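Asker: with the input below, show me the fold.
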Amino acid sequence: MDRPTISDLILSGGGAKGAAYSGLLKTLEANGLMDNIRTISGSSAGAISAAVLASGMSHARFDQILDDIPLTSLLDSTNVIVKALQNVSSKLGEKLKNLPLAQLLCDLLPRLGSKGMPLENLIREESCKALLQRCKDHPEPLSEKAQQAVANVRRNEYVTFADLAVLSKEIPPIKTVEITGTAMFEEDTQLLVFSEKTTPDMDIAVAALISASLPVVFSKLTQQGLPFQQNDEKRTETTAFADGGILNNTPVPDIYNPATSMSPIPDRESLILIFEAEESNQENQRGTGITALIDKFLNAPHTASSVWNAEQLKRFADQTVVVPLKSNKGDYRGLLSGTVNFSMSKEIKDHLQEELRKKVQTHLDEHNATRQTFWFDSIEDALLALGDKAFEQLSIELEDDETCAEAITFRHHAQRALTQLKEAIQEADKASTKLEPTPPMHMAIWTLDQLADQPGRLEWLAKRLNHGNDPDFMQFLQAAAEWDRGAPNATSEVTGHAVEKMHLQDIATRISNVVQHVLNPACFLGGQPDANIKLIKGVIRDLLELQDPKASKNSLEQKITFSNSLERVIANYRSRYTGMLDPKSTTLKILRNMLFK
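Answerer: Prediction:
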């Protein structure tokens, strides 16, 4: 089989290094692949590119902006006098540019703590312009919903995540977009993904600026009125945000929001861009004095998050392109030479863009030349493993093949029964605030049970009910778990199997959360003794083994193993300061709260 079409674009953060991204867009356009991209995810500088590219910006305009607009001007103050002083400093830097770092310092120092209003305005204006032009050029009439989205953009003079979600369904050059930000709550620091699901009515320019707000270079930005905030007569909540790259500089949705898979055969693929890094002599496996200071300054577990994300990205090595930053033209991998090098010359930008263009083209050539092979025990297993689109295409070709007829008929009947169940759930929802079983629901479930006459079909139906976290089916499975509690004889076989899979997925999510957000960061706390690190790493190993395909698939057994693993840390964790057993540790307090009750 060919590898899946690339449908997701992930753009890492890198400050001024993001000027290289024009080379990516040039290659994708030249290969006719941009219309295949459905979602663009970006962090920090990658968020700026993601916002304008998702709005339909062409390579020609994108390249023009990157090459012709001085990056320092995007940090200018809106105060006329302050802006004039900033420009005087930059001109002084040009005269002193032969001195090491003189131009960089003259450009940057007067602009530290920038609110980034010129940058926000540029993103807003350019995204509106690009989107409206794409809508105007679209040859087909737009649906009423899409026309309303266009009217919203014209009226508001900004593009929202919801606008992109609606228009992307009808206009291929427009994409959905996801942008990361670091939310600085009072109790902790959390990664927040701005998207159509979380912040549908948010201006994408505001989200992009939040994500790109490099510490020190930009002041901390605040927001009110977001869906997760308290906004009523009693209180209007304000949340401070920082650079999205602090907690996740390469925002791969399959890492921060993994979905259950129906099959070992992938139905989509990503193109992930990360910037070439300076060589490191050793891999960070624990905190140091320097990393502790960095985390303290950022008020976030930056080191632990970076190590965790780097480890997760290894799974996507064949979908990753490293943006080349070191060549005979110079080394632009560093902080000063690359990330905050806002006075980078057009010649260097063009060179980096061309190097990336060649690198992406090589990746695409390899992608197109690669074939994938999957082995199944039977033809039916192979047909059940196909995604809906591939199955529909193949089923037409195989409809007269007797060896495939049963499996094809099963999938068609199953899809009808699942549709009936979904409609029954939605109807029951309208009648009551609490989901209760209804005759149409019973009929659809009975049909599914009749179809599940083989283990492979039962497994497929159970996976299908959990696939993609469909809100109707998730509500149904959660309710079914309560209906069938204490009445095992009345349990539908398909429903029971699907509920068990839901429980296993919940445990997998809890494992991921405790490892990523509690145990892994604990290894990087300042002064963490070797005994604690050895203990924590052993527990992490045990927890991750639960997700191995060979591990027990009994949710009760997995819950017991999970709780026992956490109890091991709770019983043996020692104070970082005294070496004594430390029951008052914040880490232990969190672990106790995560135990299954």
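
Asker: what's the one helix or strand Ala480 maps to packed up against?
Answerer: Using DSSP states H and E, Ala480 falls within helix 471-483. Applying 3 or more C-beta pairs under 8 Å, 6 or more residues apart in numbering; DSSP states H and E, one finds that helix 471-483 makes contact with helix 402-431, helix 455-466, helix 493-514. For every residue, glycine as well, the C-beta is placed using N, CA and C.

Asker: next, format the ones you listed as JSON lines and append mean neighbour count and mean pLDDT.
Answerer: Listed next are the helices and strands packed on helix 471-483 as JSON lines, based on neighbours: other C-beta atoms under 10 Å; pLDDT from 0 to 100:
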{"stretch": "helix 402-431", "mean neighbour count": "16", "mean pLDDT": "94"}
{"stretch": "helix 455-466", "mean neighbour count": "20", "mean pLDDT": "95"}
{"stretch": "helix 493-514", "mean neighbour count": "19", "mean pLDDT": "94"}
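
Asker: ok, which of the ones you listed comes nearest Lys346?
Answerer: Closest approach to Lys346 among the helices and strands packed on helix 471-483 (C-beta to C-beta): helix 493-514, 44.2 Å.

Asker: which other helices and strands contact the helix or strand that the closest one is followed by?
Answerer: Per DSSP H and E, the first helix or strand lying C-terminal to helix 493-514 is helix 520-523. On a contact count with 3+ C-beta pairs under 8 Å, 6+ apart, helix 520-523 meets helix 302-313, helix 530-545.

Asker: pick the most deeply packed of these.
Answerer: Neighbour counts (mean count of other C-beta atoms under 10 Å) averaged over each of the helices and strands packed on helix 520-523 peak at helix 302-313, with a mean of 20.

Asker: now do it against helix 493-514, angle only.
Answerer: On the basis of axes from the mean of the first three to the mean of the last three C-alpha atoms, to 10 degrees, helix 302-313 is oriented at 140 degrees to helix 493-514.

Asker: could you list every helix and strand that helix 302-313 packs against?
Answerer: Using 3+ C-beta pairs under 8 Å, 6+ apart, helix 302-313 sits against helix 253-256, helix 289-298, helix 520-523.

Asker: restricting to C-alpha, output the helix holding Ala480 in CSV.
Answerer: Taking C-alpha atoms only, helix 471-483 is exported to CSV below (Å, rounded to 0.1, in the frame of the first residue of the first chain):
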residue,chain,number,x,y,z
PRO,A,471,-19.9,12.5,21.8
ASP,A,472,-23.1,10.6,21.2
PHE,A,473,-21.5,7.1,21.5
MET,A,474,-19.4,8.3,24.5
GLN,A,475,-22.5,9.4,26.3
PHE,A,476,-24.2,6.1,25.4
LEU,A,477,-21.3,4.0,26.7
GLN,A,478,-21.1,6.0,30.0
ALA,A,479,-24.8,5.6,30.5
ALA,A,480,-24.7,1.9,29.5
ALA,A,481,-22.0,1.2,32.1
GLU,A,482,-24.5,2.5,34.8
TRP,A,483,-27.5,0.7,33.3
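
Asker: can you tell me the SS state at Ser7?
Answerer: Assigned with DSSP: H, G, I helix; E, B strand; the rest coil, Ser7 falls in the strand class.

Asker: quick one, grab the pLDDT at it.
Answerer: The model reports Ser7 with a pLDDT of 96.

Asker: do the same with Ala146
Answerer: 97.

Asker: quick one: low-confidence residue ranges for the chain.
Answerer: Applying pLDDT under 70 to the chain flags the ranges 100, 233, 280-285, 486-490.

Asker: okay if I get the helices and strands packed on helix 302-313 as TSV plus distance to Phe391 and mean neighbour count?
Answerer: Shown next, in TSV, are the helices and strands packed on helix 302-313 (distance: least, C-beta to C-beta, whole Å; neighbours: other C-beta atoms under 10 Å):
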stretch	distance to Phe391	mean neighbour count
helix 253-256	22	17
helix 289-298	47	14
helix 520-523	39	22
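
Asker: to Ile48, which of those helices lies closest?
Answerer: helix 253-256 (18.7 Å).

Asker: next secondary structure element downstream of the closest one?
Answerer: Using DSSP H and E, the next helix or strand after helix 253-256 towards the C-terminus is strand 269-275.

Asker: who touches stretch 306-324?
Answerer: 12, 14, 17, 20, 24, 248-250, 252, 254-255, 269-276, 284-285, 352, 355-356, 359-360, 363, 516, 520, 524 (C-beta atoms under 8 Å, 6 or more residues apart in numbering).

Asker: distance between the ends of that stretch?
Answerer: 20 Å (C-alpha to C-alpha, to the nearest Å).

Asker: how far away from the center of its chain is that stretch?
Answerer: 13 Å (C-alpha atoms, centre = their mean, to the nearest Å).

Asker: distance of the residue nearest the centre of the chain relative to Ile265?
Answerer: Ranked by distance to the mean C-alpha position of the chain (C-alpha atoms, centre = their mean), the top residue is Pro253 at 2.9 Å. Counting by C-beta to C-beta, to the nearest Å, the gap from Pro253 to Ile265 is 19 Å.
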